[in-house]
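# Need the 3D shape of this:
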Amino acid sequence: MSSSGASVLLTTAQVSGLAQELSRQLAPWRAARSVHDPGKTVLDLAVMIALGGDCLADAALLRGQPELFGAVASDPTISRLIEVLGSDPITAIAAIRRARAAARDRVWQRRCPVAADETVIIDMDATLIGSHSDKEGATPNFKRGFGFHPMMAFVDHGAEGTGEPLAAMLRPGRANASDAADQIAVLDAALAQLPEDVRSRVLVRGDTGSGVKEFLWHIHHLGLSYSVGVYGRQPVLDALQALPRQAWRAALDADGCPREGAQVAELTRWLPDTFVGWPPGMRVIARRERPHPGAQLRITDDHGWRITLFATNTAGGRLADLEVRHRLRARAEDRIRALKDTGLTNLPLQAFGKNEIWLELAALAYELLTWTQLLAWPDHPARSWEPKRLRLRLLSVAARIITTGRRRILRISRGWPWSELLVTGQRNLAALN
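Purely as a prediction, here's the structure:
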């Protein structure tokens with residue numbers, strides 16, 4: 001059978017308690033005489049998306065291998081379930097998120113991706129999803145495309161790992177990336193996904209779309225930290241002009257070494273009195289760098305310097321370290337790319353509510369991959385592999401099911417280059433079960 005490597009995903013669903021929680025939370029959607037459990041069907045769809053599926057009909061990949069995946073609902077049964085869930089997406093998504101939060105808490109208890117003394121970083125970002133037909137909620141966007149503009153929150157596992165999509169909100173294409181209400185809603189949903197003992201040490205990180213007053217005040221009232229980009233409005237530009245030349249300091253790269261041609265400086269002392277209405281304790285930090293060869297010049301470039309700005313409420317610390325921490329928010333772009341490779345490139349359904357369910361399923365599929373990497377290969381480079389590489393090397397491997405001595409054994413070809421890695425992952429998961 002093909003896709004036998006997906007057995008590690010099924011084991012992760014059992015070890016994390018995800019399978020049981022989905023069945024419990026989605027029990028109200030199960031009809032009295034139904035054969036298929038809605039929780040099992042939702043998990044099957046998540047596994048299908050993790051394997052590369054991009055529409056409901058791709059569940060046939062699982063249905064054709066019942067020895068591995070068990071009984072999988074038919075296409076009409078799956079369509080009816082999505083129809084029911086999509087008719088009340090708020091309630092259905094809340095149930096799925098409760099199951100995700102419970103599973104995440106169990107995974108983090110077994111192997112937490114963040115050290116006990118480290119800050120948990122939540123990256124906020126929005127992305128564009130194209131639509132090739134007139135689906136409900138699809139509208140023109142600011143890049144002259146057509147489709148949707150979801151907003152998402154990821155927890156950053158650092159350079160050695162991937163990240164989990166804590167929350168996602170499906171929005172029309174015309175939605176504003178700087179909408180404070182949407183940012184607040186997504187952040188609150190993301191915080192609810194975290195274990196309670198880590199919610200008080202969260203740093204919210206985002207680009208200029210997150211640098212709006214209402215959102216920063218919300219973070220301030222929650223007692224959390226932030227590091228967000230800010231636009232070069234006139235008060236900030238005035239501070240840049242008043243900044244003395246000796247205020248600039250050498251910038252660092254991600255390895256802590258001096259970055260050639262880049263400097264940082266704090267503007268807070270030179271901000272004019274017109275810069276009002278922001279939370280107390282906010283610091284504004286500027287970074288300037290010579291544009292790279294071939295880079296398109298901007299009208300905001302100052303005497304050949306490319307200026308970027310961000311704000312933070314972190315007290316103390318070297319400016320260069322704070323700037324590096326903020327610049328690492330670019331990892332969120334990698335998470336978005338991986339999520340688009342896991343079911344989010346195209347929203348396949350017509351109704352907006354159904355596509356909200358699909359977005360939640362894609363996030364669940366990406367989480368299932370991330371948890372599998374975290375639990376099965378914590379000390380191997382596979383911990384940070386993106387979905388494409390995982391599918392090519394591990395999940396798509398073919399195998400035979402051998403029945404002997406009242407046991408069923410999944411036999412993988414010895415010639416497969418990564419067979420030992422897959423076996424090691426299964427053993428690591430079995431040790432946690």
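# which residues does A362 contact?
For A362, the contact set (CB atoms under 8 Å, 6 or more residues apart in numbering) comprises 49, 339, 342-344. All C-beta atoms are positioned from the backbone trio N, CA, C, and that covers glycine.
# Only C-alpha atoms, please: export the regular element (helix or strand) spanning T77 in PDB.
Using DSSP states H and E, T77 maps to helix 75-87. What follows is helix 75-87 as a C-alpha-only set of coordinates in PDB (Å, rounded to 0.1, in the frame of the first residue of the first chain):
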ATOM      1  CA  ASP A  75     -18.000  11.200  -0.500                       C
ATOM      2  CA  PRO A  76     -21.700  11.900   0.100                       C
ATOM      3  CA  THR A  77     -21.300  11.300   3.900                       C
ATOM      4  CA  ILE A  78     -18.300  13.700   4.000                       C
ATOM      5  CA  SER A  79     -20.200  16.300   2.000                       C
ATOM      6  CA  ARG A  80     -23.200  16.100   4.300                       C
ATOM      7  CA  LEU A  81     -21.000  16.500   7.400                       C
ATOM      8  CA  ILE A  82     -19.300  19.600   5.900                       C
ATOM      9  CA  GLU A  83     -22.700  20.900   5.000                       C
ATOM     10  CA  VAL A  84     -23.900  20.600   8.600                       C
ATOM     11  CA  LEU A  85     -20.700  22.000  10.100                       C
ATOM     12  CA  GLY A  86     -20.700  24.800   7.600                       C
ATOM     13  CA  SER A  87     -24.200  25.800   8.400                       C
END
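# May I see the buried residues of it?
Buried positions in helix 75-87, judged by neighbour count with 16 or more other CB atoms under 10 Å: 77-78, 81-82, 85-86.
# Check stretch 207-217 too.
For stretch 207-217, burial by neighbour count (16+ other CB under 10 Å) applies to 207-212, 215-216.
# of those residues, closest to W358?
G209 (23.7 Å; CB to CB).
# List the contacts of the helix or strand S23 falls within.
Assigned by DSSP H and E, S23 falls within helix 18-25. Residues outside helix 18-25 that contact it (CB under 8 Å, 6+ apart): 12-13, 37-40, 42-43, 95-96, 98-100, 102-103, 368.
# Give me the distance between the helix or strand that that helix is followed by and the centre of its chain.
Counting by DSSP H and E, the next helix or strand C-terminal to helix 18-25 is helix 38-50. Its chain's C-alpha centre and that of helix 38-50 lie 18 Å apart, by CA atoms, centre = their mean, to the nearest Å.
# now stretch 411-427
Here stretch 411-427 is found 28 Å from its chain centre; the criterion is CA atoms, centre = their mean.
# what pLDDT, on average, does stretch 379-394 get?
In this model, stretch 379-394 has a mean pLDDT of 94.
# I meant stretch 3-10, not that one.
Mean predicted confidence for stretch 3-10 is 92.
# Okay, buried residues for the longest strand seen in the chain please.
Ranked by number of residues, the top strand in the chain under DSSP state E is strand 258-266. Neighbour-count burial for strand 258-266, counted by 16+ other CB under 10 Å, picks out 259, 262-266.
# thinking again about what came up before, Throw the buried residues of stretch 207-217 into JSON lines and include distance to R111 and secondary structure, thanks.
Formatted as JSON lines, these follow (distance: CB to CB, whole Å; DSSP: H, G, I helix; E, B strand; the rest coil):
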{"residue": "D207", "distance to R111": "30", "secondary structure": "coil"}
{"residue": "T208", "distance to R111": "35", "secondary structure": "helix"}
{"residue": "G209", "distance to R111": "33", "secondary structure": "helix"}
{"residue": "S210", "distance to R111": "30", "secondary structure": "helix"}
{"residue": "G211", "distance to R111": "34", "secondary structure": "coil"}
{"residue": "V212", "distance to R111": "36", "secondary structure": "coil"}
{"residue": "F215", "distance to R111": "32", "secondary structure": "helix"}
{"residue": "L216", "distance to R111": "33", "secondary structure": "helix"}
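# of all the buried residues of strand 258-266, which two lie farthest apart?
Maximum pairwise distance in these, criterion CB to CB, is 17.3 Å, between R259 and E266.
# now S200, nearest residue through space, not along the chain?
With sequence-adjacent residues excluded and distances taken as CB to CB, 6 or more residues apart in numbering, S200 is closest to G223, at 7.0 Å.
# Please apply the same query to G261.
Spatially, and ignoring its direct neighbours in sequence, G261 is nearest to R290 (4.5 Å; CB to CB, 6+ apart).
# cool, and W385?
According to CB to CB, 6+ apart, the nearest residue to W385 is Q373 (7.0 Å).
# Tell me, how many residues neighbour that neighbour?
Applying other CB atoms under 10 Å, we find 24 residues neighbouring Q373.
# May I have the phi/psi pair for it?
Backbone torsions of Q373, given as degrees, to the nearest 10, read phi -60, psi -40.
# same check, this time on V155
The phi/psi pair for V155 (degrees, to the nearest 10) reads phi -90, psi 130.
# What is the neighbour count of it?
The tally of other residues near V155 (other CB under 10 Å) stands at 24.
# At which residues are the strands of the stretch 51-200 of the chain located?
For the stretch 51-200 of the chain, the strands defined by DSSP state E, counting those that start in this stretch cover 120-126, 129-130, 139-140, 146-148, 151-156, 163-169.
# Show me the one of these that comes nearest N176.
Closest to N176 of these, according to CB to CB: strand 120-126, at 9.1 Å.
# re earlier: now the buried members of the contacts of helix 18-25.
Neighbour counting with 16+ other CB under 10 Å marks 12-13, 37-40, 42-43, 95-96, 98-100, 102-103, 368 as buried within those.
# Now the strand or helix carrying A363: average pLDDT?
Assessed by DSSP H and E, A363 sits inside helix 352-376. Average pLDDT, helix 352-376: 97.
# before we move on, what about stretch 116-133?
For stretch 116-133, the mean per-residue pLDDT is 92.
# Please point out which parts of it sit buried.
Residues of stretch 116-133 classed as buried: 119-127, 129, 131 (neighbour count, 16+ other CB under 10 Å).
# Kindly report the same for stretch 22-38.
Within stretch 22-38, the residues scored as buried using 16+ other CB under 10 Å are 22-23, 25-26, 29-30, 36-38.
# Who are the contact partners of the nearest residue to A315 once chain neighbours are set aside?
Spatial nearest neighbour of A315, excluding adjacent residues (CB to CB, 6+ apart): G281 at 6.9 Å. The contact partners of G281, taken as CB under 8 Å, 6+ apart, are 220, 313, 315.
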